[in-house]
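Asks: Quick one: sequence and predicted model below, then my questions.
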Amino acid sequence: MAWTRKDLLGLEDLSKEEIELILATADSFKEVSTREIKKVPALRGKTVVNLFYEPSTRTRVSFEVAAKRLSADVINIATETSSVKKGETLIDTGANIQALKADIIVIRHNYSGAAAVLARHVDISVVNAGDGWHEHPTQALLDIFTLKEKLGRIKGLNVSIVGDIAHSRVARSNIWGLTKLGANVTLCAPKILIPVAIEQMGVSVTNDIDSALKNADAVNVLRMQFERDEGAMFPQQLEYFKNFGITKERLQKAKKDIIVMHPGPLNRGIEIASDVADGPNSVILEQVTNGIAVRMAVLFLVGQARDTKDETTN
Amino acid sequence: MKLLIKGGRVIDPANNIDDSLDILIENSSISRVARNIKNTPNETIDASGKIIMPGLVDMHVHLREPGREDKETVRSGTRAGLKGGVTSVLAMPNTTPNIDSIEAARLLKSIIAKDALANVFIAAAITKGRLGKELTDIAKLKKQGVVAISDDGASVDSDDLMLEALKIAKRQKLLVISHCEDKRLAANGLVNLGLTSTRMGLRGISKESEYKRVQRDIHLAERAKAPLHIAHVSCSESVEIISRAKKKGIKVTTEATPHHFSLTEEAVLGYDTNMKMNPPLRSKDDIVSIRQGLKDGAIDAIASDHAPHTENEKEIEFERAEFGVIGLETELAVSITELADSGLLSWSALVEKLAANPARILGINKGTLSAGADADIIIISPDKEWVVRKEEILSKSKNSAFIGKRLKGVVEYTICAGKVVYKA
């Protein structure tokens, strides 16, 4: 199949085949990062703009490295240094970036749906690098890529996602991606962090961490953001670690080869114990490496889709 | 000046008429409705194949003037209404300033006298600044000619204050219109609470935030023995509560908007800000309840909740965009398409919901084709189809939830006070 979307806004929109195409493309790009000269000319002459309305180092750097390994020119715009602070709207900013003849905008925004709004108002490609609580598709793709690399398949796997599901774009993208590829997904969190009706997305929900780990082939541990002020119901850090933290003791009751993932940055001793994060089951740094291949694949595919589209309209 | 409308199907539920009749208008009023009127008018309109009905009475409209003339004005809003077949509107008081004082009411009246192209009735605020703290001078506002009071956009949280307002309104023979929303339960939500809010990663607005307030206000109205009108019901629980109250004999009426009986929450999934309104689009089950309520009489009226906003306020990130959609130009056609054409409502019932009932609820002498009534009449082609196009919208604001939709029913003539004020 051929990739035809100019944008990647979320995994909810994608078919199983489209997700598999990204994973296969990432697979072929992974080797580039092992070369002595880590560069291919796939996006030579193209300009990628990282438009970040939220502080982010790892995602921004990962996209930047990915774009550069494809030989694209990269421009980083962070809100602190841009005219956004002067009150420019997202749509105006998008129009200006388009007028600079950029080819792809990678957007991170604190509002859910911001990437969709931008994509509707520009003709160039938009890649969602995380919008509010909505989606973070490349993170989920790199999680899935890593899982597949480790376990050889996704279909039939038991994957548990633990942590603040309610406010997590990583969780939502993982749920869409994993369920489309046939995994069994279990969510585990304190009740207040489970959003309403999420079972209707085809997942199981539990408040018991041991049962979430029991048959899991992999556990994806979400970052707890205690800076959120959600009122008295929000769990305290120590209490959270006691009830939901991923510890060595808990893993001993799980499958021996259970894969432990985390999107980073880590809160050691809060959602994950240090000896687990650094232990034999952890693939956290491999996720970072795979993130580059996955983002290369996404940038390449959306860039190519636009080229094809331009040819047909000319 | 005599105008004769010949050969159309006249639908006037207030007089139990659905028949092929002629209508003779003399000056500003209807002089006769009868078969084969022989008269020598100054002008004749051939309405064969058309439906003739009273002009719509839209009891929920935000004209935005005074204060936000960039969104809409009395002139632009009434012009848009005429195109949509609306000859009377109730202007909501959440303007700048709010219509919460004699001075503000006078100001609005002077604008209406100068600029209105249709009948504009005024709803004043229940509380000063619509802040829910202190009642307005309801008796004096009544003397200014307001026909209802409402804090629309906000709900009066205090039970005592709301009860007091209902008691005074009853003495003053004024209607209280309640925007039922417990903001604490609505929790800064943006879309329907449930799978939709979860999928979109947005805070949800629970149905509870609406129906609990519906329940409270009905209870207070019962205690005050005062009539109460519930604005824009959006969920099945509210319809159920209102239906039960009516059966108990409580004087409660309600309205539904075209978007709430025709669009589900699915429409908002692409973060289209033209699908963002309050109350939000709800589930399929809620739509079924609202339609059923329109059919069985639990819901009395159709009103647009016409809420114009500029592109600057709408063409932005979903979370920042204003709530609300326009509706004056599409409410008749959406109602025909969704309710009459589908056979859910008879044409008579449809005209009741759009004209006769809202006029009766407001206690205004509109919504009928009785001899002697003001000649506010529309002539429509019920089967003619059209597509809603942004560039054809007359309202100053273009935030319609129906852009791109194919609808049935075109207004050919709008007659207001005996004059043809709009012609397709």
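Replies: Perfect, I can see it now.
Asks: End to end on stretch B:371-379, go ahead and measure it.
Replies: Terminal residues of stretch B:371-379 lie 18 Å apart, using Cα to Cα, to the nearest Å.
Asks: Tell me which residue is most central in chain A.
Replies: The residue lying closest to the centre of chain A (Cα atoms, centre = their mean) is A:Gln139, at 1.6 Å.
Asks: Quickly find the element holding that residue.
Replies: Assigned by DSSP states H and E, A:Gln139 falls within helix A:137-151.
Asks: for that helix, packing partners?
Replies: For helix A:137-151, the packing partners by 3 or more Cβ pairs under 8 Å, 6 or more residues apart in numbering or on different chains; DSSP states H and E come out as helix A:16-30, helix A:58-69, strand A:125-131, helix A:169-180, strand A:218-221, strand A:259-261, helix A:284-313. For the C-beta atoms, the positions are set from N, CA and C on the backbone; glycine is no exception.
Asks: The helix or strand hosting A:Ile105 vs chain B: in contact?
Replies: If you go by DSSP H and E, A:Ile105 is part of strand A:104-109. Yes - interface with chain B: strand A:104-109 contributes A:His109 (Cβ under 8 Å from any Cβ of the partner chain).
Asks: what inclination does that strand have with respect to strand A:125-131?
Replies: 20 degrees (axes from the mean of the first three to the mean of the last three Cα atoms, to 10 degrees).
Asks: Flag the shaky bits of the stretch 1-150 of chain A, pLDDT-wise.
Replies: Counting by pLDDT under 70, the stretch 1-150 of chain A contains low-confidence ranges at A:80-86.
Asks: And the next helix or strand past the helix holding A:Gln139?
Replies: Per DSSP H and E, the helix or strand that comes after helix A:137-151 is strand A:158-162.
Asks: Contacts for that following strand, please.
Replies: A:147, A:171, A:174-175, A:178, A:183-189, A:209, A:212-213, A:215-222, A:244, A:246, A:271 (Cβ atoms under 8 Å, 6 or more residues apart in numbering or on different chains).
Asks: For the helices and strands packed on helix A:137-151, could you give me a markdown table that also reports mean neighbour count and distance to chain B?
Replies: Shown next, in a markdown table, are these (neighbours: other Cβ atoms under 10 Å in any protein chain shown; distance: least, Cβ to the nearest Cβ, whole Å):
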| stretch | mean neighbour count | distance to chain B |
| --- | --- | --- |
| helix A:16-30 | 18 | 18 |
| helix A:58-69 | 21 | 17 |
| strand A:125-131 | 27 | 7 |
| helix A:169-180 | 26 | 6 |
| strand A:218-221 | 26 | 17 |
| strand A:259-261 | 23 | 21 |
| helix A:284-313 | 20 | 18 |
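Asks: ok, B:Leu163 - contacts?
Replies: For B:Leu163, the contact set (Cβ under 8 Å, 6+ apart) comprises B:220, B:223-224.
Asks: Which helix or which strand is home to it?
Replies: Assigned by DSSP H and E, B:Leu163 falls in helix B:159-171.
Asks: Buried by neighbour count: which residues of that helix qualify?
Replies: Residues of helix B:159-171 classed as buried by neighbour count (16 or more other Cβ atoms under 10 Å in any protein chain shown): B:161-170.
Asks: which among those gets closest to A:His134?
Replies: Of all the buried residues of helix B:159-171, A:His134 sits closest to B:Met162, with 37.7 Å by Cβ to Cβ.
Asks: Check whether the closest residue to the closest one other than its chain neighbours sits in a helix, strand or coil.
Replies: The shortest distance from B:Met162 to any non-neighbouring residue, by Cβ to Cβ, 6 or more residues apart in numbering or on different chains, is to B:Val156 (4.4 Å). Secondary structure state of B:Val156, per DSSP: H, G, I helix; E, B strand; the rest coil, is coil.
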